[in-house]
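Asker: Just the structure for this:
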Amino acid sequence: MTTTAECEMDFRKLEGEEVMWLKNIKVDFIVGELRIQLDNLFNGNKILGKIFYVSLRFVSVAVMLIFTEEFSLLLKVILDVID
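Answerer: This is a model prediction of the structure:
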């Protein structure tokens, strides 16, 4: 997995000290591939095992896409509350 982050910031005075203040942040997670070995699933039925494996790979990509978007939205909400 590769993670990249872009942020926009400025500097503000807080209690007499200059602090870095995040104004905006965007985080991307890039999943290269998923490798998993599952043996003897469904009493050794290789067809059901293969279907499960392919489904698991598809779902993992979808979950990461959703997680990335939701994580970015969560960071934005946190920054809005702090600001």
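Asker: quick one: low-confidence parts of this structure?
Answerer: Along the chain, the parts satisfying pLDDT under 70 run over 31-36, 38, 82-83.
Asker: who's in contact with the residue positioned nearest the centre of it?
Answerer: Nearest to the mean C-alpha position of the chain, by CA atoms, centre = their mean, lies T68 at 3.7 Å. Applying CB atoms under 8 Å, 6 or more residues apart in numbering, we find T68 in contact with V27, D28, F29. Backbone N, C-alpha and C define where each C-beta goes, glycine included.
Asker: So which of the residues you listed are in strands?
Answerer: V27, D28, F29 (DSSP state E).
Asker: Turn those into JSON lines, including distance to S60.
Answerer: Below are the ones in strands among the contacts of T68 laid out as JSON lines (distance: CB to CB, whole Å):
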{"residue": "V27", "distance to S60": "18"}
{"residue": "D28", "distance to S60": "16"}
{"residue": "F29", "distance to S60": "12"}
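Asker: Quickly name whichever of those residues is closest to S72.
Answerer: Among the ones in strands among the contacts of T68, V27 lies closest to S72 (CB to CB), at 5.7 Å.
Asker: is it true that W21 touches K13?
Answerer: No: using CB atoms under 8 Å, W21 makes no contact with K13, being 10.0 Å away.
Asker: Nothing else from me, thank you.
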